[in-house]
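J.: whatever this is, show me its structure:
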Amino acid sequence: MKKIILMAGILLCGIAQAQITVTGRNEQVIQNGYEYVTNTLTPQIYTELPLHVTNTSDATLNLKLKVLSMQNTTGSGDNIQFCFGGFCYFSFTTGGTVPNSPVSGLELAPGDSNGDQDHFYLGNAGTNPGEDVVVNLAFVQVDNTGAQIGEPLVTFTYRYSPTAGTTDFAALQNMGISIKNTVVTNQLEFSATQNVKLELINMAGQVVKTENIKEGSQSADLSGLSAAVYFARFTNEDNKSSQIRIVKN
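T.: Residues are numbered from 1 along each chain as shown. Presented below is the predicted three-dimensional model:
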């Protein structure tokens, strides 16, 4: 099955975030609670999470990228890229930060941004293959000795989930549904060989959009939905249903 990259975020605002803005893949705003999900380890540009940071405060900030915690990984192995401030490290530990030189981190004047090369990438399957690998990260402000000042400015997660987005394509195809894209900017595109009802369900289990779909090539307009992970559930006239996880950017 074609590999896909899932990108998802729960957007929660905090006062501290007003000091910086962070964007990732496709200029997606990274706020507290954002989660980037991929189901492939293939080294390619779309498996990296770009990290573009801008100082939106009126004072100079010294910043570092920090690993808050990690799950199902030792932080070492092939294809690890822990990059910020123009420096790339190829392993990480809980509590580890980058850059380490200078110790005061990356200095950004008001309005300034970091370089385009900064990113995070994890290219190995973890200590228990088949299970999710989770790395919780944060941008933190530091003083001239490298000591963290206050709480993290923005916290987010990089997750390798080998089963993400692979929910039973075969079951959908048996219903006559063929999905063309599971990462959606505005339109979810698919074809149907029968009339079905489409429901978009958020991660809290709430139905946020319903459409009655006619036979043929179709698209559902999701532009009014927030960036997040959803389930697209299709139900036919015989009341048989199947669903697949999608990501709205």
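J.: contacts for the lengthiest strand in the chain?
T.: Assignment by DSSP state E gives strand 148-160 as the longest strand of the chain. With Cβ atoms under 8 Å, 6 or more residues apart in numbering as the test, strand 148-160 has contacts from 9, 16-17, 19-20, 22, 30-39, 41, 49, 63-64, 66, 68, 120, 122, 125-126, 132-143. (Each C-beta comes from the backbone N, C-alpha and C, glycine too.)
J.: and with 6 Å instead?
T.: 16-17, 19-20, 22, 30, 32, 34-38, 49, 120, 122, 132-143 (Cβ atoms under 6 Å, 6 or more residues apart in numbering).
J.: where does this protein dip in pLDDT?
T.: Counting by pLDDT under 70, the chain has low-confidence residues at 1-18, 26, 39, 42-46, 163-170, 204.
J.: dead centre of the chain: give me the residue that sits there.
T.: residue 36 (1.5 Å; Cα atoms, centre = their mean).
J.: now do it against residue 234, distance only.
T.: 27 Å (Cβ to Cβ, to the nearest Å).
J.: before we move on, what about residue 89?
T.: In this view, residue 89 and residue 234 are 44 Å apart by Cβ to Cβ.
J.: kindly report the same for residue 38.
T.: Counting by Cβ to Cβ, the gap from residue 38 to residue 234 is 25 Å.
J.: so for these two, which residue has more residues nearby?
T.: residue 38 (27 against 23; other Cβ atoms under 10 Å).
J.: bridged to the more buried one, which residues?
T.: For residue 38, the beta-bridge partners are residue 5, residue 160 (DSSP bridges).
J.: you'd agree it is up against residue 48?
T.: No: the pair residue 38 / residue 48 is not scored as a contact, 9.3 Å apart, by Cβ atoms under 6 Å.
J.: I'd say residue 62 and residue 104 touch.
T.: Yes: contact status for residue 62 versus residue 104: in contact at 4.9 Å, counting by Cβ under 6 Å.
J.: comparing those two, which shows the higher neighbour count?
T.: residue 62 (19 against 16).
J.: next structured bit after the helix or strand encompassing residue 107?
T.: For residue 107, the host element (DSSP states H and E) is strand 106-108. Using DSSP H and E, the helix or strand that follows strand 106-108 in sequence is strand 119-122.
J.: who does that following strand pair with, and is each partner parallel or antiparallel?
T.: For strand 119-122, the paired strands and their directions (DSSP bridges) are strand 49-50 (antiparallel), strand 80-84 (antiparallel).
J.: how about the ones you listed, which one is nearest residue 94?
T.: strand 80-84 (12.4 Å; Cβ to Cβ).
J.: in the closest one, which residues are buried?
T.: 80-84 (16 or more other Cβ atoms under 10 Å).
J.: can you tell me the closest non-neighbouring residue to residue 181?
T.: Nearest residue to residue 181, sequence neighbours excluded (Cβ to Cβ, 6 or more residues apart in numbering): residue 189, at 5.5 Å.
J.: chain center to stretch 104-119, what's the gap?
T.: Centroid separation between stretch 104-119 and its chain, computed with Cα atoms, centre = their mean, to the nearest Å, is 21 Å.
J.: contact partners of it?
T.: For stretch 104-119, the external contacting residues (Cβ under 6 Å, 6+ apart) are 48-51, 53-55, 58, 60-64, 83-86, 142, 144.
J.: quick one: buried ones out of those?
T.: In those, burial by neighbour count holds for 48-51, 53, 55, 61-64, 83-85, 142, counting by 16+ other Cβ under 10 Å.
J.: among those residues, which lie within strands?
T.: 49-50, 53, 55, 61-64, 83-84, 142.
J.: distance between the ends of stretch 200-208?
T.: 6 Å (Cα to Cα, to the nearest Å).
J.: stretch 51-68 now?
T.: Criterion Cα to Cα; first-to-last residue distance in stretch 51-68 is 16 Å.
J.: equivalent analysis for stretch 189-199, please.
T.: Taking Cα to Cα, stretch 189-199 runs 14 Å from one end to the other.
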